[in-house]
Each structure stands twice: as structure tokens, then as C-alpha cells.
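Asker: Please work out how this folds:
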Amino acid sequence: MSTEAADAVVIGAGHNGLVAANLLADAGWSVLVLEATEQPGGAVQTAELTEPGFHNDLFSSFYPLGAVSPVLRGLGLEEHGLRWRHAPDVLAHVLPDDRCAVLSRNLDRTTASVDEFAPGDGAAWRRLSEQWQELRDPLLAALFTPFPPVRPALKLLRRTGTGDAVRLARMLTLPARRLADELFTGEGAKLLLAGNAAHSDLSVDNAGSAVFGWLLAMVGQDTGFPVPAGGAGELTAALVRRLESRGGKVHCGRPVGEVLVAGGRALGVRDAAGDPVRAHRAVLADVPAPVLYGGLVASEWLPSRLLDDLRTFEWDSATVKVNWALSGPVPWTAENARGGGTIHLGADLDGLSAFGGELARGKTPRRPFLLFGQMTTSDPDRSPAGTEAAWAYTHVPRGSMAGRGALERRVKRIEETVEAHAPGFAGLIKNRHVQGPAELAQHNPALVGGAINGGTTAIHQQLFFRPVPGTGRADTPVDRLYLAGASAHPGGAVHGGPGANAARAALARAGKLGGGYAAVIRAAHRALYS
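Answerer: Numbering: from 1, shown residues only. Got it, this is the predicted structure:
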């Protein structure tokens with residue numbers, strides 16, 4: 001019996017694995033994607049979790065970075081059935097006293113909203129948006145390019161000049177709260193910035209959290225937080241259709257047991273049933289770094305110093321998510337929250353600081369900060385007319401939801417927080433589906449311990465520190481093996497960056513100058529891990 005073979009074997013059919021597979025198929029490679037679970041998509045899936053006709057996203061829902069990512073935009077997924085939809089407003093941040101700041105794609109609406117908190121903040125927000133328009137294209141190119149992003153960085157430098165480039169670098173290293181205080185006077189604008197920073201696992205008081213708040217706020221202002229029509233799973237479906245149209249194959253329910261290595265080179269994989277699959281050119285792993293190194297790849301093929309560094313790898317916080325089928329729209333007291341796709345709920349600036357501080361100390365926050373998604377408001381296809389498919393999630397310390405009682409108490413606190421700002425909410429609940437850390441990991445093994453970002457977004461684990469101190473590239477110490485998941489630069493969120501970087505590395509290694517490319521990578525790894 002002949003061994004199954006392809007030019008490239010991709011481990012994992014998350015969106016990064018599918019992006020990598022598509023780019024390799026575009027180059028004429030034969031590609032086989034092996035997915036452990038019964039459905040492709042990883043953290044980009046939709047199902048009728050609650051009630052018939054209610055399409056709830058199992059994990060991620062809104063895709064601001066996906067909408068602006070040069071990677072996903074370059075795939076032309078609209079030609080394969082993907083359609084984007086937007087809520088009337090991008091997001092609303094509801095304060096504990098029910099005041100509400102609104103981020104809208106209409107700049108005038110956003111500036112008017114923040115001016116209600118402090119006259120003059122609207123003009124400051126407008127200046128920030130104008131700065132973003134100047135920086136947008138080279139900055140996004142730098143973000144989604146293999147590290148170091150030399151050409152995009154030079155374009156960015158030409159656009160800003162040396163002085164402003166240094167000031168931009170300083171801005172992006174600040175804590176989000178500090179940046180908000182430097183730019184604005186009123187709490188409305190500050191919370192639109194800091195609340196977006198809290199989409200990461202960082203406290204608004206952590207150095208480097210400003211970059212997340214600024215990036216998401218400006219992308220939201222410019223492009224919005226779009227959702228795929230019909231559910232997050234439609235993004236996955238478009239990626240799969242595109243891949244199959246180019247001859248690629250996706251095998252679900254087929255976990256990989258090990259990466260086959262000989263002479264320091266990846267030769268293929270062996271699935272959990274013991275069957276080998278030969279990879280003539282590359283193996284790409286859309287899995288967390290700790291699952292790949294010392295797990296799928298035997299320790300004997302890895303530098304001991306890499307394994308030592310991996311012991312300090314830091315996961316992001318765990319997550320609790322509740323999905324609801326609601327019999328009607330959420331009755332927010334703050335009327336301006338009713339048109340928001342995403343709602344920030346449960347904290348002002350001090351509350352965000354307290355929330356992040358408690359998580360950092362390993363304590364379950366007494367007052368949860370919630371991200372709330374109004375999916376039917378964003379996309380009418382998500383549930384029957386007059387109803388709402390909704391969800392909320394919050395972060396908790398890793399290991400804190402081990403008992404069912406702890407999870408039930410957290411869900412009760414989540415629903416109490418919503419009820420406080422939307423009296424009558426509880427009476428609208430037709431059904432709910434709860435995903436604690438264990439349930440998230442059960443549905444998607446890549447979400448280890450309920451971590452949704454593939455590792456912390458803290459500055460000590462970004463760029464060339466991701467996943468451990470190294471080159472910041474997809475190449476691993478095993479020749480022709482590439483890390484393609486969220487543990488690799490540029491990290492989590494649905495934008496395809498890690499998958500694209502892995503595909504580019506594989507193509508470079510297999511190209512005419514591949515021998516020289518491999519020599520440079522080997523030299524870098526010797527310097528790093530000797």
C-alpha cells in the first residue's frame with residue numbers, strides 16, 4: 001500500500017491553517033489539511049446552540065482585523081460566498097451609571113458622543129482618526145508581514161518622519177489608560193479607547209495595552225466590526241470552498257499524533273490511527289506552540305534551550321462565554337446601546353483597572369467586565385424576526401472554573417450585570433448555552449484551558465518574543481516545519497497573519513534560493529539556542 005502524500009500537510013483547519021493552505025494551493029502545491037475535530041474552522045464556527053433558527057457563534061464573532069487584513073482581503077473570499085454585515089453602530093460602552101459612549105463608522109456621530117462627556121474630545125478624536133488615515137496602509141502591512149517588516153517599516157518612516165515615528169513608538173508602548181488620559185478629558189472617549197484594549201487579556205494599566213485599544217478603536221472608526229452574513233462559520237466555509245476549488249483537501253475527525261522528523265527535517269505526520277502522511281515540501285502546524293514543541297515534535301529534535309524557554313510561555317486568561325436565544329431585542333436603559341453590535345458593559349475606567357488587577361493576581365473579578373454581542377442587530381439572518389441571538393463573555397483566572405458551581409455563579413453574575421442595564425433581560429431568555437474554559441477547550445483543543453488568544457498579548461510575548469525569544473518568524477528549528485497558529489507572530493484574532501507567514505516561509509524554503517534561506521535560519525537558531 002502506498003503512503004498518502006502531498007506537497008504540504010497542514011495540521012489544524014483553524015482559519016490560520018486554511019489561510020496557509022490556500023496560499024500554498026495558489027502556488028500550485030498539493031495540500032492536505034488534517035483537522036482533529038469533526039468541523040473545520042477552529043475558533044470560527046457557528047451552530048444552533050440554543051434554539052432552532054438561532055445561529056450562535058461558538059467562539060469569535062466580530063472581525064475588525066479580518067476586514068482590514070491584507071491577508072484575508074487578498075484571498076477574495078467574497079467570490080466564494082462571504083458577505084460582510086454591520087450593526088447600525090460599531091460598539092457602545094455603557095458605564096455603571098448608564099451613560100453611554102458610542103463608536104460609529106460615522107465620524108460625526110462618534111465625535112458628538114464623546115463631546116457629550118467633555119467638549120473638545122470630539123476634536124481630539126477626529127485628530128486621532130486623521131492620524132490613523134495617514135498611517136493605516138503601511139502600518140497594516142507591517143503588522144501582517146513576516147518579522148522584521150523591513151519594507152513596510154521604511155514606508156511608515158517615510159510617511160511619518162523620524163520624529164513622529166519615535167512618538168508613535170512611544171504611544172504604542174503605553175498602558176491604555178495612560179494614553180487615554182494623555183489624549184482625552186472625558187470618560188466617554190477614554191473608555192472607547194481603553195475598553196477596546198480590554199478585548200485583549202491585558203489590564204488597561206499594562207505597558208503595551210494602548211496599541212490594542214488604539215488599533216481596534218481606529219479600525220472600528222474606519223471600517224467597523226463586521227460579521228459574516230449567516231454566522232462566523234461562513235468565513236470558514238468560504239476558506240474551505242476556495243481551497244477545494246484549487247484542489248486542496250480537508251480531512252476532519254483526523255487528529256495528528258506526531259510530526260515525522262529525520263535528519264532534522266520534517267518529512268510528514270502520523271495521524272492518531274497510526275497512518276503516515278508524507279509531506280514532500282512542508283509541514284505547517286496551526287496549533288499552540290506548547291502543543292507542537294515537545295508534543296507533536298519529539299524533544300530530541302528541539303534545542304534544549306527552546307524547551308527551557310517554553311516553560312515560561314504564558315497563556316492568556318481563561319474565558320467564560322454565555323450564548324442566548326432571546327425572544328426580543330435587549331431592553332437597554334441606555335438607548336444608544338441598542339444599535340451597537342458590540343457592547344462593553346460593567347466597568348468605567350476604575351472598574352477596568354480593578355478587573356485587570358484582580359485577574360493579574362489570580363482572583364475572579366467581583367465585578368466582571370463583559371463583552372456583549374448583539375448578533376441579530378448586526379446580521380438579521382442570525383435569528384427569527386423580532387428576536388435576538390446574543391452572547392457575552394468575560395475573562396477569569398486560569399483554573400478558576402474547575403467546579404460546576406463556580407461556573408454557574410459566574411454565569412449568574414454575568415446575567416445580573418446585563419439585567420442591571422437592561423431590566424427585563426432575564427425574561428427574554430428562551431434558552432442559553434454556557435461555555436466555560438473546559439467546554440471551550442473540548443470544542444476546540446487549541447483553546448487550551450479556555451485561552452482564546454494562543455498566549456498572552458503582553459509585550460514580553462510579542463514580536464520576536466512570540467512564542468519564545470527567537471526570530472519572530474514561522475520557521476522552527478526543524479527544517480520545513482512551520483508554526484502557523486496564534487502562538488506565532490502577529491498573534492491572536494482572526495486575520496490570517498500567522499498562517500500567511502508560515503506559507504510564505506514554506507514557499508521561500510522551497511524556492512530557488514531555499515538553500516540560502518535555510519542556512520540563514522539555521523544560523524539564527526544556532527545563535528539563539530546554543
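
Asker: What's the mean pLDDT across stretch 89-107?
Answerer: The pLDDT scores in stretch 89-107 average 98.

Asker: Over to stretch 417-426?
Answerer: 98.

Asker: got a list of contacts for that stretch?
Answerer: Residues from elsewhere that reach stretch 417-426, judged by C-beta atoms under 8 Å, 6 or more residues apart in numbering: 94, 98, 326, 330-334, 337, 345-346, 367-368, 370, 372, 392, 415. The way it works is simple: take the backbone N, C-alpha and C, and place the C-beta from them, glycine included.

Asker: Among those, name the buried ones.
Answerer: Neighbour counting with 16 or more other C-beta atoms under 10 Å marks 94, 326, 330, 332, 334, 337, 345-346, 368, 370, 372, 392, 415 as buried within these.

Asker: Spatially nearest residue to residue 73, not counting backbone neighbours?
Answerer: Closest residue to residue 73 apart from its sequence neighbours, by C-beta to C-beta, 6 or more residues apart in numbering: residue 67 at 7.9 Å.

Asker: pretty sure that neighbour is touching residue 84, no?
Answerer: Yes. Counting by C-beta atoms under 8 Å, residue 67 does reach residue 84; the two are 6.6 Å apart.

Asker: So for these two, which residue has more residues nearby?
Answerer: residue 67 (21 against 18; other C-beta atoms under 10 Å).

Asker: Phi and psi next, for the more buried one.
Answerer: phi -70, psi -30 (degrees, to the nearest 10).

Asker: any idea how far it is from residue 225?
Answerer: From residue 67 across to residue 225, the span is 8 Å (C-beta to C-beta, to the nearest Å).

Asker: okay, and the common contacts of residue 67 and residue 84?
Answerer: Common neighbours of residue 67 and residue 84 (criterion: C-beta under 8 Å, 6+ apart): residue 226.

Asker: In strands, which of the buried ones among the contacts of stretch 417-426 fall?
Answerer: 94, 326, 345, 370, 372, 392 (DSSP state E).

Asker: Could you tell me the model confidence score at the residue nearest to the third one when sequence neighbours are not counted?
Answerer: Beyond its immediate neighbours in the sequence, the residue positioned closest to residue 345 (C-beta to C-beta, 6+ apart) is residue 370, lying 4.3 Å away. What the model reports as pLDDT for residue 370 is 97.

Asker: now residue 440
Answerer: Listed pLDDT for residue 440 reads 95.

Asker: would you say it is within a helix?
Answerer: Yes. Counting by DSSP: H, G, I helix; E, B strand; the rest coil, residue 440 falls inside a helix.

Asker: how much space between it and residue 520?
Answerer: From residue 440 to residue 520 the distance is 39 Å (C-beta to C-beta).

Asker: what about the two, which has more around it?
Answerer: Between residue 440 and residue 520, residue 440 has the larger neighbour count (other C-beta under 10 Å), namely 25 against 13.

Asker: Using neighbour counts, pick out the buried residues of the one helix or strand residue 240 maps to.
Answerer: Taking DSSP states H and E as the criterion, residue 240 maps to helix 233-245. Of the residues in helix 233-245, 233, 234, 235, 236, 237, 238, 239, 240, 242, 243 count as buried by neighbour count, 16+ other C-beta under 10 Å.

Asker: Could you list every helix and strand that that helix packs against?
Answerer: helix 15-26, strand 46-47, strand 227-228, strand 249-251 (3 or more C-beta pairs under 8 Å, 6 or more residues apart in numbering; DSSP states H and E).

Asker: got the CA positions of that helix in PDB?
Answerer: Provided in PDB are the C-alpha atoms of helix 233-245 (Å, rounded to 0.1, in the frame of the first residue of the first chain):
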ATOM      1  CA  GLY A 233     -18.800  29.700  10.100                       C
ATOM      2  CA  GLU A 234     -19.500  31.300   6.700                       C
ATOM      3  CA  LEU A 235     -16.000  32.700   6.800                       C
ATOM      4  CA  THR A 236     -14.600  29.200   7.400                       C
ATOM      5  CA  ALA A 237     -16.900  27.800   4.600                       C
ATOM      6  CA  ALA A 238     -15.600  30.400   2.200                       C
ATOM      7  CA  LEU A 239     -12.000  29.500   3.000                       C
ATOM      8  CA  VAL A 240     -12.800  25.800   2.500                       C
ATOM      9  CA  ARG A 241     -14.600  26.300  -0.800                       C
ATOM     10  CA  ARG A 242     -11.700  28.400  -2.100                       C
ATOM     11  CA  LEU A 243      -9.200  25.800  -1.100                       C
ATOM     12  CA  GLU A 244     -11.200  22.900  -2.600                       C
ATOM     13  CA  SER A 245     -11.600  24.900  -5.800                       C
END
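
Asker: Tell me what angle that helix forms with helix 15-26.
Answerer: 20 degrees (axes from the mean of the first three to the mean of the last three C-alpha atoms, to 10 degrees).

Asker: Any chance you could list what contacts helix 233-245?
Answerer: 13, 15, 18-19, 21-22, 25, 31, 33, 40-41, 44-47, 57, 63, 66, 75-77, 79-83, 228, 250, 494.

Asker: Return the helix or strand in the protein with minimum mean pLDDT.
Answerer: Within the chain, no helix or strand scores below helix 150-173, which has a mean of 83 by mean pLDDT, DSSP states H and E.

Asker: you'd agree residue 529 is up against residue 303?
Answerer: Yes. Applying C-beta under 8 Å, one finds residue 529 in contact with residue 303, separated by 3.6 Å.

Asker: Common neighbours of these two, please.
Answerer: Counting by C-beta under 8 Å, 6+ apart, the shared contacts of residue 529 and residue 303 are residue 477.

Asker: List the neighbours of stretch 63-75 that are in contact with it.
Answerer: Stretch 63-75 is contacted from outside by 19, 22, 84, 136, 140-141, 144, 215-216, 219-220, 222-228, 232, 235, 239, 242, 493-497, 499-500, using C-beta under 8 Å, 6+ apart.

Asker: now with 7 Å?
Answerer: Outside stretch 63-75, the residues that touch it by C-beta atoms under 7 Å, 6 or more residues apart in numbering are 19, 22, 84, 140-141, 144, 216, 219-220, 223-227, 242, 493-497, 500.

Asker: From one end of it to the other, what's the distance?
Answerer: Terminal residues of stretch 63-75 are spaced 16 Å apart (C-alpha to C-alpha, to the nearest Å).

Asker: Name the residues of that stretch that are buried.
Answerer: For stretch 63-75, burial by neighbour count (16+ other C-beta under 10 Å) applies to 63, 64, 65, 66, 67, 68, 69, 70, 71, 72, 73, 75.

Asker: what number of residues lie near residue 213?
Answerer: 28.

Asker: how about it, what does it touch?
Answerer: By C-beta under 7 Å, 6+ apart, the contact list for residue 213 reads 176, 193, 194, 196, 197.

Asker: Can you lay out those as JSON lines showing pLDDT?
Answerer: Converted to JSON lines, the contacts of residue 213 look like this (pLDDT from 0 to 100):
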{"residue": "176", "pLDDT": "96"}
{"residue": "193", "pLDDT": "96"}
{"residue": "194", "pLDDT": "96"}
{"residue": "196", "pLDDT": "96"}
{"residue": "197", "pLDDT": "95"}
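
Asker: pLDDT wise, what is residue 2 at?
Answerer: Looking at residue 2, its pLDDT is 66.

Asker: residues touching the residue nearest to residue 345, list them.
Answerer: Per C-beta under 7 Å, 6+ apart, neighbours of residue 370: 345, 346, 392, 394, 414, 417.

Asker: Apply 6 Å and report the result again.
Answerer: For residue 370, the contacting residues are 345, 346, 392, 394, 417, by C-beta atoms under 6 Å, 6 or more residues apart in numbering.

Asker: got those as TSV, with distance to residue 456 columns?
Answerer: Compiled in TSV, the contacts of residue 370 are given as follows (distance: C-beta to C-beta, whole Å):
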residue	distance to residue 456
345	24
346	22
392	22
394	17
417	25
